[in-house]
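>>> Could you work out the structure for the sequence below:
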Amino acid sequence: MSSRDQFSTDNEYPAETRVQDPGPGFNYRTLSSVLRFIGAGVLVASLSMMLFRGWDSGSDLTRFYTLLAYCAVLAGTGIFLSHIVHETKGARTFLALALGAICVNFTVLGALCLSTVDRVGQALPSFANWAVPDGSSVVLAAATACLVLSPIACFGFSVFARKSARRLTGLFLVTNAALLLPLRSSLLIGLLGLVLIIVILRQLAVIRRSDNTFATREGRIAAAMPFIPVAILLGRNFYLYSIDETLLTLSALIGYAILREVNMAVRSTGTLATKFLPGVRAASALSVALGAAATVASVDGSHPLVLPIFTVVLAGLLADIGFTTGGNAGTTWTRAAAITLALGFLVNLVVWPTIPATIAAILTGAAIAIYGYSVEQKSVFITGGSALLSGITYQLQNVFAAFDFGSWSSLALIGIGAIVLASVLERHGLVLRNRLIAWRLRYSQWDH
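Take a look at the predicted model:
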């Protein structure tokens, strides 16, 4: 019998171990659930106290090995409940706690690794100061941790999602290994977290297509485990080190990526989540755009780029919402993206009336107007046309300001232009008028 089967249902227990229900006067199942909940909370509290308060005596290595043994005890207790007591719910609870304790072990091991390079140069709280006498001690601790924690992770995932246990175990250990890197830079940590989240989401999407276990509570627990190390990776920098715009922006982008994957997963279910998730993603997209703009604004001399960066990021994410949502709702978000892009560069021209801003408004307005014409949407076409005309008007204003109406060459150009325009109207005026009328009729039938 496999480990998954041994943890499956109470009906597989031997007959002599089954407890008969004494009747409505005593609900032992409710009591056992409450006790499991309380016990799990106490164990989590003990791990938290160990991390944030530590012990009064013993070296950091001694405390690390004690924590390692603590994780092994949790897993061993789960196996004991399954094979000796023949109770699966408590056993799964202990194994879930053991998987969580693996993340704690890697977090502490990462602090020990950092103490050997000391690249932070920043005073840390006492509970975060973990140190080893030399690098060989860290190597030995890491090797011991791999020998102890890898089998626990493999066994735990074989219980929660047997079919995908290998892939989930590898994914879990890789994300935990990121905690060992002696990096604390906001940019590097943010990028590392973003890469890990993308890898996790892609891997879980592949697993979900071939493993129905993910639809169960145990499967959801297994799927959530790889996210814990990434949360610790980001939370560690937020709590212990200075927070800047870069880390906030990348964290917001990570949140958007997670919401995007959730939206994609429930898109075809027709549930209530499919209606409000695009709006939540839009709010997340706004936070990413604001963070990107704040990051650019923190650089000296880059203020003219703040609004274009905000516009491009927000419009791009809104377009992504439209493309991944589909249907009429997707069309609405795509329209919002196009209008945002045109309006952003139009406002940028008003705030920063420069040649680069003019060129950007003209090019963006022309592209949005063409897009609005192709999809036959009035609001998009008008917004794009407004940006285009504003850019052209500003540029013509500069030309007229430098134009000398008193010179003979200027007057000659005006005369030539007037005669050429009159000739075009004389020869093609009726055709142009008919085409304009036909276009106006077609325009009246466009969507708003």
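
>>> and residue 169, how many neighbours?
Residues within reach of residue 169, counting by other C-beta atoms under 10 Å, total 24. C-beta: built from backbone N, CA, C; applies to glycine.

>>> any idea whether it is helix, strand or coil?
Following DSSP: H, G, I helix; E, B strand; the rest coil, we place residue 169 in the helix state.

>>> Okay, now the unreliable bits of the stretch 251-400 of the chain?
Flagging of the stretch 251-400 of the chain using pLDDT under 70 yields the residue ranges 268-273, 300-302, 398-400.

>>> for the stretch 1-150 of the chain, same thing?
1-29, 48-58, 118-123, 125-128.

>>> And the strands in it?
Ranges of strands in the stretch 1-150 of the chain, per DSSP state E, counting those that start in this stretch: none exist.

>>> can you give me the helices in it?
Secondary structure of the stretch 1-150 of the chain by DSSP state H, counting those that start in this stretch: the helices cover 3-6, 28-52, 60-80, 88-117, 135-160.

>>> among the ones you listed, which is the most enclosed?
Of all the helices of the stretch 1-150 of the chain, helix 88-117 carries the top mean neighbour count, a mean of 21, counting by mean count of other C-beta atoms under 10 Å.

>>> Mind giving me the packing neighbours of that one?
Applying 3 or more C-beta pairs under 8 Å, 6 or more residues apart in numbering; DSSP states H and E, we find helix 88-117 packed against helix 28-52, helix 60-80, helix 135-160, helix 165-177, helix 227-240.

>>> who wins for proximity to residue 256 among the ones you listed?
For residue 256, the closest of those is helix 227-240, at 14.2 Å, according to C-beta to C-beta.

>>> Please work out which residues outside that closest one touch it.
With contact meaning C-beta atoms under 8 Å, 6 or more residues apart in numbering, helix 227-240 is reached by 100, 103, 106-107, 124-125, 128, 172, 175-176, 178-179, 184, 186, 189-190, 192-193, 196-197, 200, 243, 247, 251, 254.

>>> and if you look at stretch 172-188?
Outside of stretch 172-188, the residues within contact range by C-beta under 8 Å, 6+ apart are 99, 102-103, 106-107, 109-110, 113-114, 116-117, 119-120, 142, 150, 153, 157, 189, 192, 196, 199-200, 225-227, 229-230, 232-233, 237, 241-244, 246-247, 250.

>>> switch to 7 Å and redo it
102-103, 106-107, 109-110, 113-114, 117, 119-120, 150, 153, 189, 192, 196, 200, 225-226, 229-230, 232-233, 237, 241, 244, 246-247 (C-beta atoms under 7 Å, 6 or more residues apart in numbering).

>>> Repeat that for stretch 346-361.
304, 307-308, 345, 386-387, 390-391, 394-395.

>>> Just the buried ones from those residues, in PyMOL syntax?
Buried residues among the contacts of stretch 346-361 (16 or more other C-beta atoms under 10 Å), as a PyMOL selection:
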select buried, resi 307+308+345+386+387+390+391+394
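
>>> ok, the contacts of stretch 346-361 vs residue 412, which is closest?
For these, the residue nearest residue 412 by C-beta to C-beta is residue 395; the value is 22.3 Å.

>>> roughly how far apart are residue 201 and residue 138?
Here residue 201 is placed at a distance of 32 Å from residue 138 (C-beta to C-beta, to the nearest Å).

>>> same thing with residue 206?
Residue 206 is 34 Å from residue 138, where distance means C-beta to C-beta.

>>> ok, now which ones touch residue 292?
Residues near residue 292 by C-beta under 7 Å, 6+ apart: 249, 309-310, 313.

>>> Now do the nearest residue to residue 172 once chain neighbours are set aside, the pLDDT please.
Of all residues not flanking residue 172 in the chain, residue 226 sits nearest, at 5.1 Å (C-beta to C-beta, 6 or more residues apart in numbering). With respect to pLDDT, residue 226 scores 94.

>>> tell me, how many neighbours does residue 226 end up with?
For residue 226, the count of nearby residues is 25 (other C-beta under 10 Å).

>>> Residue 322 now?
Residue 322 has 21 neighbouring residues, counting by other C-beta under 10 Å.

>>> element containing it?
Residue 322 belongs to helix 306-325 when assigned by DSSP states H and E.

>>> tell me the angle of the next helix or strand after that helix relative to helix 306-325?
Per DSSP H and E, helix 306-325 leads on to helix 327-351 as the next helix or strand towards the C-terminus. Going by axes from the mean of the first three to the mean of the last three C-alpha atoms, to 10 degrees, helix 327-351 is angled at 170 degrees with respect to helix 306-325.
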